[in-house]
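> Sequence and predicted structure are below.
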Amino acid sequence: MERYIEKFTRYLEVEKNYSSHTVLNYRLDLEDFKKFLRGIDLEKIDYLTLRKYLALLKERNLRMRTVGRHLSTLRSFFKFLTRDGYLKANPILMLSSPKPEKHLPSFMTEQEVARLIESAFAKDEKDERGLRDRAVLETFYSTGVRISELAGLNVEDIDFIGGIAKVMGKGKKERIAPIGDAAILCIRKYLERRKRDSDALFLNKSGKRISVRGIRDIVKKYILRAGIKQGVSAHTFRHSFATHLLNRGADLRTVQELLGHANLSTTQIYTHLTTEKLKSVYDKAHPRA
């Protein structure tokens, strides 16, 4: 089993060009499956074996989304093995995935976002940390990038004249994200006062590239300072970015491109968030509402 896992992860790295983080998640899922098999030969894995594994996952009280991810990993794994001739038949074809839980992402109002960002301010023009925090928040909301993408930005990725950022997304796919004047101005001020030179756009107190956890800590700090409602996290910036664009008339395809979603179906969840907005407008405007 181990050698097939090695072949599969190599395929993901070389042919699919998946990120190291994604490949690691696939490997962890497969290591869990290997532990369940307890030495059962790959050729002897059948529908019943997979049903037992699915039952085990459910017994762990895992979220349906997590169970679905495990099965998605196995689907890709067995598809690879049958395609390359390591298996004669794909044993997972008849196994149906559990229905995913439908959780609408939380988002902030435009007023809450403004209050949150404005709660980060520099004490003076030499307050490097305050300038950095404001630049992080402005850039986060302005671009709608993922937290990891924000942490991975380099200074050279920002086109200060054109108002765009070059973003390295999932699967090492590069895309262009527009960035607003407010964020550009904050980044300029921060870089002008930054004491350490680095390719990375945002640095931590040690002068190294800021981590994903570091960005989460910044957001958490200002959520508390601004008194924003519970249930808001760093990722809420991305949800708010998408929701506000749709509320203001952006089309779904454009929002898909801006978010870096491979499939439109992933973006469509944000249309549910705008339903209440539509109802509100309808109630106010329709004479017979």
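That came in fine, so what should we check first?
> quick one, helices of the protein?
2-14, 20-37, 47-59, 64-83, 110-118, 128-143, 147-151, 181-193, 212-226, 236-247, 252-259, 264-267, 269-273, 275-285 (DSSP state H).
> Please identify which of those helices is closest to residue 175.
When those are compared by CB to CB, helix 252-259 sits nearest residue 175, at 7.3 Å. (Glycine included, C-beta is placed from N, CA and C.)
> Check which helices and strands the closest one sits against.
Packed against helix 252-259 by the contact rule (3 or more CB pairs under 8 Å, 6 or more residues apart in numbering; DSSP states H and E) you find strand 174-178, helix 236-247, helix 264-267.
> Quick one: residues in contact with the longest one.
It stands for helix 236-247. With contacts defined as CB atoms under 8 Å, 6 or more residues apart in numbering, helix 236-247 is touched by 105-108, 110, 113, 137, 140-141, 143-146, 219, 252, 254-255, 258-259, 267, 270-271, 273-274, 277.
> Can you go through those and name the buried ones?
106-108, 113, 137, 140-141, 143-146, 219, 252, 255, 258-259, 267, 270, 273 (16 or more other CB atoms under 10 Å).
> Ok, which of the helices of the chain comes nearest residue 171?
Checking those against residue 171 by CB to CB gives helix 20-37 as the closest, at 7.2 Å.
> how about the closest one: buried residues?
22, 23, 26, 27, 29, 30, 33, 34.
> again with stretch 175-193
Taking 16+ other CB under 10 Å as the criterion, stretch 175-193 shows 177, 179, 183, 184, 186, 187, 189, 190, 191, 193 as buried.
> same deal with stretch 74-84?
Within stretch 74-84, the residues scored as buried using 16+ other CB under 10 Å are 74, 76, 77, 78, 80, 81, 82.
> which residues of the stretch 101-250 of the chain score low on pLDDT?
Scanning the stretch 101-250 of the chain for pLDDT under 70 picks out 101-105, 125, 230.
> what about 90?
Within the stretch 101-250 of the chain, the stretches with pLDDT under 90 are 101-109, 120-127, 169-174, 195, 224, 226-239, 242-243, 245-250.
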